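Engineer: model the structure of this input:
(chains A, B, C and D)
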2 protein chains.
Amino acid sequence: MSDVLSIGELGRAAGAKVETVRYYERIGLLAPPRRTAGNYRAYDRSHLNRLSFIRRSRDLGFSLDQVRALLDLADQRDRPCAAVDEIARAHLAEVERKIADLTALRDELEGMVHQCRHGAVRDCGIIEALSPESGRQAPLPHGA
Amino acid sequence: MSDVLSIGELGRAAGAKVETVRYYERIGLLAPPRRTAGNYRAYDRSHLNRLSFIRRSRDLGFSLDQVRALLDLADQRDRPCAAVDEIARAHLAEVERKIADLTALRDELEGMVHQCRHGAVRDCGIIEALSPESGRQAPLPHGA
DNA sequence: GCTTGACCCTGTAGCGGCTACAGGGTCCAT
DNA sequence: ATGGACCCTGTAGCCGCTACAGGGTCAAGC
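Structural biologist: Numbers count the residues shown, from 1 in each chain, chains lettered A, B, ... in the order given. Next up, the predicted model:
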């Protein structure tokens, strides 16, 4: 149980690949650790905490920019957390939007799949539904 | 009402940007049209149909590879449409998976947001939930 | 006939968030 | 001294566009 972690150990501990850890350092998300005599990165507990925070945020779907903002905020311990709340709520709203879009999509795909009469392509309801002469415009994902 | 469309007209008619149309040509998804004397692309109705098919498929979330496969299949009018059905079903299954993942995500984000007691960052439930010492592992998106 | 401005052309680079090399160096056990 | 696991840097690739830069073309208006 040393207090120093190699990049591989850090990655395993936080659930990130080695290349990803280096990538986070490159883009300034994770502070560069000190180096050993052999130029290996030597991480400590604070890096592990930081990286775990990042990974967990990413797993929850926050963008790297959002993670950056959350990290900054997390460091300003005595300011009000309204900004944190705002980021989380914005993300929640977006997730809800995506769910709605995907649900509409699912319904449409289900309709399409039901139209398949398992015959030749010429009579295929799916192809027909995708073709411009039959299917009109798709009801479509918000952002498109 | 000419039968020939410029790239801009084609794009407007099918709901794609000019750059996107050129991109589809470059990657071999849309056949190169003939050119005018001034080297402008001159599209006809068949290109419009093709591009509309592509856009509608994309709007429904099919990947460009899936679209390519669907286009190939659509051209083989007398073969059975089982392959078409398979692509559509695979995509439907993936959409359903994404909905499930996002729904779990939403629940977790909602839980987080509810923890916000609107005080200082040091007491923020959201930051706490993201921090390694408090929040355990996220229940996570399938593919991650 | 000359200018203006909308359109078109090619080619290349960028986005996010990694991932995957290539081509080397280090460290530790045998 | 040698093998293999790990580490280093740097660069290019993935998807599906999008956005330039730096030019050419065309039709309308003066």
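
Engineer: could you report the separation of the closest residue to A:Leu51 other than its chain neighbours from A:Ser52?
Structural biologist: In this structure, A:Leu51 finds its nearest non-sequential neighbour in A:Ala14, 4.1 Å apart by C-beta to C-beta, 6 or more residues apart in numbering or on different chains. (Each C-beta comes from the backbone N, C-alpha and C, glycine too.) In this structure, A:Ala14 and A:Ser52 are 5 Å apart, going by C-beta to C-beta, to the nearest Å.

Engineer: for the closest residue to DNA strand D within chain A, give me phi and psi.
Structural biologist: Per C-beta to the nearest atom of the strand, A:Gly8 is where chain A lies closest to DNA strand D, at 2.6 Å. Main-chain dihedrals, A:Gly8, degrees, to the nearest 10: phi -70, psi -40.

Engineer: residues contacting it?
Structural biologist: Residues near A:Gly8 by C-beta atoms under 8 Å, 6 or more residues apart in numbering or on different chains: A:Val18.

Engineer: rewinding a little: is it correct that the residue nearest to A:Leu51 is in contact with A:Ser57?
Structural biologist: No: in this structure, A:Ala14 is not within contact of A:Ser57 by C-beta atoms under 8 Å, at 11.8 Å.

Engineer: chain center to stretch A:76-94: distance?
Structural biologist: 17 Å (C-alpha atoms, centre = their mean, to the nearest Å).

Engineer: oh sorry, the question was meant for stretch A:92-108
Structural biologist: 16 Å.

Engineer: in stretch A:86-99, what's buried?
Structural biologist: A:Ile87, A:Ala88, A:Arg89, A:His91, A:Leu92, A:Glu94, A:Val95, A:Glu96, A:Lys98, A:Ile99 (16 or more other C-beta atoms under 10 Å in any protein chain shown).

Engineer: in helices only, show me these.
Structural biologist: A:Ile87, A:Ala88, A:Arg89, A:His91, A:Leu92, A:Glu94, A:Val95, A:Glu96, A:Lys98, A:Ile99 (DSSP state H).

Engineer: pipe those into TSV and attach distance to DNA strand D and pLDDT per row.
Structural biologist: What follows is these, written out as TSV (distance: C-beta to the nearest atom of the strand, whole Å; pLDDT from 0 to 100):
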residue	distance to DNA strand D	pLDDT
A:Ile87	23	93
A:Ala88	26	94
A:Arg89	26	94
A:His91	21	94
A:Leu92	25	95
A:Glu94	17	94
A:Val95	20	95
A:Glu96	22	95
A:Lys98	16	94
A:Ile99	20	95
